[in-house]
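1. Quick one: sequence plus predicted model below, questions after.
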Amino acid sequence: MSDLPDEVTDAIAALVIAKRRTNERGNAARVPVLDHLIRDELARVGEVPARRPDAALRDRADALFVDLVNG
């Protein structure tokens, strides 16, 4: 599904599970591997070409997100 390292996908899966168990007001410890991923991706933002908004693509992404969160 992705080319992320297993360590990152495992951390994401654990975070999703933890989020299912608590409300959004709860604080959790930072996850260094995810912090690193986010920093790296934000540093690359200039490499991504600008695109016009695509409503169909946004709807598919929203549906995927809901599916992943609801598991």
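-> Received the coordinates, thanks.

2. check which helix or strand covers the residue nearest the centre of the chain.
-> Per C-alpha atoms, centre = their mean, the C-alpha nearest to the average position across the chain is that of Ile12, at 7.1 Å. Applying DSSP states H and E as the criterion places Ile12 in helix 6-21.

3. okay, now Pro5: neighbour count?
-> Using other C-beta atoms under 10 Å, Pro5 has 11 other residues around it. Every residue, glycine included, has its C-beta placed from N, CA and C.

4. Distance check, the residue of the chain positioned farthest from its centre against Arg58.
-> Within the chain, the residue lying farthest from the chain centre (C-alpha atoms, centre = their mean) is Arg52, at 21.7 Å. Between Arg52 and Arg58 the distance is 11 Å, computed by C-beta to C-beta, to the nearest Å.

5. where does this structure dip in pLDDT?
-> For the chain, residues meeting the criterion pLDDT under 70 lie at 1-2, 24, 26.

6. what ranges do the helices span in it?
-> Secondary structure of the chain (DSSP state H): helices at 6-21, 32-43, 55-70.

7. With adjacent residues omitted, what lies nearest to Val69?
-> Val16 (6.4 Å; C-beta to C-beta, 6 or more residues apart in numbering).

8. what comes up buried for stretch 47-55?
-> Buried residues in stretch 47-55, counting neighbours by 16 or more other C-beta atoms under 10 Å, are absent.

9. contacts for that stretch?
-> Where contact means C-beta atoms under 8 Å, 6 or more residues apart in numbering, no residue beyond stretch 47-55 reaches it.

10. wait, Ile12 sits on Leu34?
-> Yes: counting by C-beta atoms under 8 Å, Ile12 does reach Leu34; the two are 7.0 Å apart.

11. can you pull the contacts of the residue nearest to the centre of the chain?
-> By C-beta under 8 Å, 6+ apart, the contact list for Ile12 reads Leu4, Leu34.

12. Compute the number of surrounding residues for Val31.
-> Here the number of neighbours of Val31 (other C-beta under 10 Å) works out to 16.
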